[in-house]
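Student: Sequence first, predicted model second:
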Amino acid sequence: MLGELSMSLRYSDGQVDEDRLWPTTGIDIFESSVPWRTFRWRHGQKHYSGAYWSSTMRDHVVYESRLELTRLLYADFDRDVTAVFAQPFLLSTTVDERLRRHVPDFLVLRERDVPLVVDVKPRHLLSRTKVNFALGWAREVVLSRGWDFEVWCEPPETELANLRFLAGYRRDWFFNEDLLAEIREADLYGASLGEAFRAFPHHPEWRVRAAVLRLLWCQHFVTDLAVPLSERHELRQGTAAVTGSGRYELPPVVVDGEQGIDASESETTVYGREPRSGGRVNESAVRVGVGTRLKYNGEVVTVEEMFASPAGNEVLVRDGRGRRLRLSLREALASGRAGIIPEGPGPGADEPREAASVVLAQLTDEELQAVRERAAHINEVLYGFRSGNAEFPEEGEPRAPYAATVPKLQRYAAKADELGVSVRTIKRWVRAFRADREAGLVHNRPDHGDGTMGGLGRADPRWVEMALEIMAEHEKDSQPTRAKVIRTIGPRLAARYGGGEVKLPTRATAYRWLEELERRKPTFRLSTKRNRDIAARPTGAYGKLRPTRPGEYLLMDTTRLDVFAMDPITLKWVQAELTVAMDWYDRCVTGIRVTPVSTQSIDVAAVLFQTYRPRPAGKDWPASAVWPDHGIPRTVFVEREALEAGGGDDKAGGERGVAGPAIVPETIVVDHGKPFISEHVTSVCQRLGLSIQPARLRTGRDKGPIERFFKTLREGLLESLPGYKGPDVFSRGERPEEQAFFFLHELEAIIREWVACVYHARPHDGLLDTYVPGLRLSPSAMFEHGIARAGYIEVPRDPALGFEFLKTEWKPIHHYGVEIRKCRYNGEGLDGYRGETSPYTGAKAKGMWPIHVDPDNINYRR
């Protein structure tokens with residue numbers, strides 16, 4: 001029973017509009033609202049929060065998890081969506097005479113439909129009682145007011161990967177409108193994607209490729225997004241059809257302890273390892289037809305009809321509430337969203353016995369030969385031939401005792417006399433051979449048990465559990481000794497299970513078992529810091545987030561350099577910090593800045609600016625380390641001027657090219673340091689259309705490639721420089737600061753040259769092409785690979801772009817110019833503004849003019 005409903009909104013000025021009645025609420029009130037909730041960060045959290053730059057909103061939209069990010073991608077791709085608001089409002093009502101509150105994840109406004117309220121939940125949580133109840137009453141409330149309600153779950157992986165790839169082309173100002181108009185006017189409907197890429201030979205292919213993909217995002221062209229994008233995709237006209245994962249109905253609740261479908265049944269086992277005794281092999285396959293039950297999106301459905309369609313074989317299924325749905329048979333058999341529920345027993349991947357390949361792989365050559373010999377004897381008993389086939393007889397076969405006319409029991413007796421064993425042993429070998437072939441004839445066949453004991457032998461699981469529990473208690477404490485842990489285990493077991501219930505091992509055995517447990521949970525051997533890092537590792541698969549093109553993720557971080565530098569003003573040694581930007585896809589370092597401690601937000605913005613505008617290459621750099629100033633490798637696109645100049649070795653320093661590739665980033669991955677999440681950097685990202693993905697607290701592996709780069713830099717360059725102090729106090733020399741020789745700007749130039757000449761040209765173990773896994777790729781080669789795959793988005797050559805990255809100070813313009821920190825700046829650009837009051841009316845402006853300031857360069861002010 002629902003009571004009166006109210007809606008609460010929060011505004012940017014801090015005001016809260018509480019208890020607003022829904023019937024009097026119009027959608028225009030959301031324009032000036034801000035998210036009701038802000039996301040808190042804590043050490044150990046699993047999800048990733050961030051800010052997605054939405055082309056629909058032309059602004060950042062916050063999200064709490066990457067599953068919410070997928071919903072934002074789909075909303076951004078939907079041409080019918082006009083606005084998206086995150087955490088839009090607080091709903092309050094009474095349900096069964098109890099006050100309930102709920103904050104939806106998104107409010108989606110649509111041009112041709114009513115507003116849509118979206119809640120995002122993983123599919124496996126929908127059947128939980130509390131989650132289902134909360135979503136249920138929220139859905140009822142929203143639908144009763146005439147709006148739509150949707151629960152968003154995991155979308156199809158391939159479709160999501162395609163949308164992620166196309167989202168890199170959502171920022172319209174990076175594309176040439178003349179080229180886009182030329183492509184629109186061409187008759188490309190019905191052509192393949194590859195033909196469209198090559199349809200304009202008077203333009204560089206990398207530019208055409210990016211423009212065509214831009215039109216795919218805008219849905220001027222549509223294609224099949226259910227399969228991985230390739231040059232074979234046909235371009236069509238219309239509206240893109242995406243499946244998504246929005247659910248307008250909730251699945252039934254699964255009560256705790258209720259017998260339901262086992263998790264293992266969600267995986268389809270088409271073929272098993274072992275036929276049942278008696279030789280029936282068809283039980284290792286599952287029949288699919290009318291009446292077959294499937295598990296689809298967490299619900300049990302039944303096949304009612306099977307038919308062929310132009311898209312392939314399809315099935316008509318019915319769920320428990322009588323609703324019908326058409327599915328692709330291929331999806332029902334192979335996708336992770338559906339699985340067949342077998343009707344009867346049969347072999348499966350969850351059987352306790354090891355696979356035959358594992359059993360045989362453990363044998364030595366002599367043991368394997370003995371098994372083969374025993375199998376030949378069994379073949380002779382069963383078929384009269386040692387090979388098991390009459391087409392490959394050995395000399396004298398079949399022998400008289402094993403002829404086909406001889407009764408089976410007589411053959412068993414003859415073989416038993418020949419081998420000197422009992423007839424019962426021969427029968428046992430025959431049964432094992434029929435069940436598992438050669439693997440069944442292995443003596444002392446290993447059994448993996450429950451897979452948890454490993455090298456612990458016959459250790460009591462309760463002793464092992466207690467040992468791991470005590471070792472886990474020392475994750476944040478000082479390092480214990482093995483003797484202390486062993487002394488603690490006995491009393492703990494007695495208190496939990498009673499004295500004498502668990503037999504304690506001898507001291508030597510306990511030490512041996514702890515040595516095995518040390519491999520699972522390091523506690524005694526490594527440093528406590530390293531043990532904490534290992535304990536915080538994710539338990540699942542690594543690398544779930546993989547970039548698909550250059551610029552998709554830009555990693556940024558700062559580290560304290562392990563080498564002292566000289567301050568050019570005081571001529572004293574200082575500790576230096578290095579701020580780096582790295583493209584995740586190709587590991588190219590796109591920005592470098594060395595500063596005395598500590599790094600400021602202007603330093604982070606300056607490194608980000610280098611990603612758009614790389615620094616000029618050094619005068620003495622080899623031609624292989626110099627990039628054309630448009631940022632594309634010469635092997636992909638060579639400018640006519642570069643060819644006429646003979647490769648650029650004789651060109652002046654300002655004309656030689658740049659130190660690295662120019663990349664348009666889409667998302668920056670940063671930590672929670674103040675310089676990286678400052679208002680300055682956030683404003684720059686918002687203006688340039690960059691999404692922000694903060695890494696989790698104290699989780700360096702979220703920026704693993706750039707953390708590994710710092711180690712490569714130390715071992716490949718810094719340790720050879722004067723003033724090197726080592727990675728820690730135990731590695732430091734006696735007086736390394738007295739050897740400081742290079743000024744800060746000289747140290748930065750050395751690092752920049754090493755990156756361009758060595759790091760970018762050296763093969764990287766983390767870079768590979770999945771289609772050619774043995775090919776070793778360097779960062780520069782991987783960048784070329786990405787350009788050939790995804791095209792190239794050029795950086796706008798706006799000379800005022802750099803002002804976006806500088807700090808702004810408000811100053812009056814006097815007749816003698818502008819005065820900043822006791823320095824006066826004057827120039828022709830101030831003519832016409834001297835002595836005038838600015839039109840800016842902000843609280844900080846007060847009639848003054850905005851001056852862009854670089855604190856590290858006092859020569860110029862803009």
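Tutor: Now that the structure is in, tell me what you want to look at.

Student: so who does the residue nearest to Phe221 when sequence neighbours are not counted touch?
Tutor: Leaving aside its chain neighbours, Phe221 sits nearest to Leu235 (4.4 Å; criterion: CB to CB, 6 or more residues apart in numbering). Just so you know, the C-beta spots here come from the backbone N, C-alpha and C atoms, and that holds for glycine as well. Shown in contact with Leu235 (CB atoms under 8 Å, 6 or more residues apart in numbering): 188-193, 196, 221-223.

Student: What does the pLDDT read for Leu235?
Tutor: What the model reports for Leu235 is a pLDDT of 95.

Student: Now the phi/psi pair for the residue lying closest to Ser12 once chain neighbours are set aside, please.
Tutor: Leaving out its chain neighbours, the residue that sits closest to Ser12 by CB to CB, 6+ apart is Val34, at 5.1 Å. The phi/psi pair for Val34 (degrees, to the nearest 10) reads phi -120, psi 160.

Student: what bridges to Val34?
Tutor: Arg10 (DSSP bridges).

Student: per-residue confidence for it?
Tutor: 92.

Student: same thing with Ser335?
Tutor: On the pLDDT scale, Ser335 gets 66.

Student: Same question for Asp76.
Tutor: So, for Asp76, pLDDT stands at 96.

Student: buried ones in the helix or strand hosting it?
Tutor: Asp76 belongs to helix 66-77 when assigned by DSSP states H and E. Neighbour counts over helix 66-77 (16 or more other CB atoms under 10 Å) mark 67-77 as buried.

Student: Next: stretch 463-475.
Tutor: Buried residues in stretch 463-475 (16+ other CB under 10 Å): 463-464, 466-467, 470-471, 474.

Student: Bridged to Thr579, which residues?
Tutor: Thr558, Arg593.

Student: Can you give me the distance of it to Ile592?
Tutor: 8 Å (CB to CB, to the nearest Å).

Student: Could you name every residue contacting both of the two?
Tutor: Residues touching both Thr579 and Ile592 (CB under 8 Å, 6+ apart): Val607.

Student: ok so, going back, in helices only, show me the contacts of Leu235.
Tutor: 193, 196 (DSSP state H).

Student: Let's see which of the buried residues of stretch 463-475 end up in helices.
Tutor: Per DSSP H, the buried residues of stretch 463-475 map to helices at 463-464, 466-467, 470-471.

Student: Export those residues as a markdown table, with columns for distance to Glu231 and pLDDT.
Tutor: Shown next, in a markdown table, are those (distance: CB to CB, whole Å; pLDDT from 0 to 100):
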| residue | distance to Glu231 | pLDDT |
| --- | --- | --- |
| Trp463 | 60 | 94 |
| Val464 | 55 | 93 |
| Met466 | 59 | 94 |
| Ala467 | 57 | 94 |
| Ile470 | 59 | 94 |
| Met471 | 54 | 93 |
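
Student: of all those residues, which comes closest to Gly298?
Tutor: Val464 (34.6 Å; CB to CB).

Student: Trp513 is in contact with that closest one, correct?
Tutor: Yes - assessed by CB atoms under 8 Å, Val464 is found in contact with Trp513 at 7.2 Å.

Student: For these two, list the residues in contact with both.
Tutor: Counting by CB under 8 Å, 6+ apart, the residues touching both Val464 and Trp513 are Leu456.

Student: could you check the distance from the residue nearest the centre of the chain over to Tyr585?
Tutor: Central residue of the chain (CA atoms, centre = their mean): Leu545, 1.1 Å from the mean position. For Leu545, the distance to Tyr585 equals 12 Å [CB to CB].

Student: what residues do those two have in common as contacts?
Tutor: Residues touching both Leu545 and Tyr585 (CB under 8 Å, 6+ apart): Tyr553.

Student: So, low pLDDT: which residues of the stretch 501-650 of the chain?
Tutor: 541-544, 629-650 (pLDDT under 70).

Student: Mind pulling the model confidence for Gly733?
Tutor: At Gly733, pLDDT is 77.

Student: Then the one 5 residues further on?
Tutor: The predicted local confidence for Glu738 comes out at a pLDDT of 76.

Student: That one looks like it's in a strand, true?
Tutor: No - the assignment for Glu738 is helix, going by DSSP: H, G, I helix; E, B strand; the rest coil, so no strand is present there.

Student: Next up, the contacts around Glu343.
Tutor: By CB under 8 Å, 6+ apart, the neighbours of Glu343 are Arg293.

Student: could you redo the last one with a cut-off of 10 Å?
Tutor: Glu343 makes contact with 286-287, 291-293, according to CB atoms under 10 Å, 6 or more residues apart in numbering.

Student: Which member of the buried residues of helix 66-77 is positioned nearest His377?
Tutor: For the buried residues of helix 66-77, the nearest to His377 is Leu67 (58.9 Å; CB to CB).

Student: circling back to that earlier point, tell me how many other residues surround the residue nearest to Ser12.
Tutor: 17 (other CB atoms under 10 Å).

Student: Hmm, it is touching Gln87, no?
Tutor: Yes - Val34 lies in contact with Gln87 (CB atoms under 10 Å); the separation is 8.7 Å.

Student: shared neighbours of these two, anything?
Tutor: With CB under 10 Å, 6+ apart, Val34 and Gln87 have common neighbours 10, 62.

Student: Tell me the secondary structure of Ile505, please.
Tutor: For the record, residue 505 is Pro, not Ile. Criterion first, three-state DSSP; result for Pro505: coil.

Student: brain fart, Leu554
Tutor: Leu554 ends up strand, using three-state DSSP.

Student: Of all pairs in the buried residues of helix 66-77, which one is the farthest apart?
Tutor: Leu67 and Phe77, at 16.3 Å, using CB to CB across these.
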